Structures are given as C-alpha cells and as structure tokens.
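**Q** Pasting the sequence and the predicted coordinates here, then a few questions.
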Amino acid sequence: MEEDNGSRLTWLLVGGAIGAGIALLYAPKSGRDARKYIGRSAKDGREAMENSGREMMDKGKDLYERGRKIAEDASDLFERGKKLVQG
C-alpha cells in the first residue's frame, strides 16, 4: 500500500510536469516570464518531493515501531504461555 502512494505521487508529478510543458508551449509569455515560471514550478516540485519523502520516511518509521512492538508483545505472550504449559 505504501508503494501505491509513492507511485501515485510520482504519476501525479509527472502529469503535472507534462501539463506545465504543454501549457508553456501554448502560453503567450515572454522568454523571461517563461523562465521564471519554469524555475518556480521546478522549485515547487522539488519541495513537494522532499516533503513527500519526509512523510514516507516518518510513516515507515512509525510502521517499523508498531511492528516491533507487536513482535515484542507476541514474544512475551508466547513465553507466558510456555511457562503455563510447563507448570
């Protein structure tokens, strides 16, 4: 499921970049204005990727910690059950 979100974000950004490129081809802006627009768009895209990367890392860390806690709890339950069975 995590991979689906990353894949969707990637396709969203690719679609946005393609749309921006097409819009530039048909936009009646000067070269200077177009370069400023491209620069701003690239900066915004880079920031979005950095933020999504941080979010994905945070989610991954949270999932790891939850999994570790579940494994520890399962181990504790197993040990308690083992002691009960052994007497």
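**A** That came through fine. Residues are numbered from 1 along each chain as shown.
**Q** Mind checking the pLDDT average for the strand or helix carrying Arg54?
**A** Arg54 belongs to helix 31-86 when assigned by DSSP states H and E. What helix 31-86 shows for mean pLDDT is 87.
**Q** Give the other helices and strands that that helix contacts.
**A** Helix 31-86 sits against helix 2-26, with contacts defined as 3 or more Cβ pairs under 8 Å, 6 or more residues apart in numbering; DSSP states H and E. Backbone N, C-alpha and C define where each C-beta goes, glycine included.
**Q** Look up how far Gly67 lies from Lys82.
**A** Using Cβ to Cβ, to the nearest Å, Lys82 is found at 22 Å from Gly67.
**Q** count of neighbours near the nearest residue to Leu13 once chain neighbours are set aside?
**A** In space, and not counting its chain neighbours, Leu13 is closest to Gly45: 6.1 Å by Cβ to Cβ, 6 or more residues apart in numbering. The tally of other residues near Gly45 (other Cβ atoms under 10 Å) stands at 14.
**Q** same deal with Trp11?
**A** Neighbourhood size, Trp11 [other Cβ under 10 Å]: 10.
**Q** Pull the contacting residues for it.
**A** Under the criterion of Cβ atoms under 8 Å, 6 or more residues apart in numbering, Trp11 has no neighbours.
**Q** and it, how far is that from Arg66?
**A** Applying Cβ to Cβ to Trp11 and Arg66 gives a distance of 28 Å.
**Q** do Ala17 as well
**A** To Arg66, Ala17 is 35 Å away according to Cβ to Cβ.
**Q** between the two, who's got more neighbours?
**A** Neighbour comparison, Ala17 and Arg66: the larger count goes to Ala17, with 13 against 10 (by other Cβ under 10 Å).
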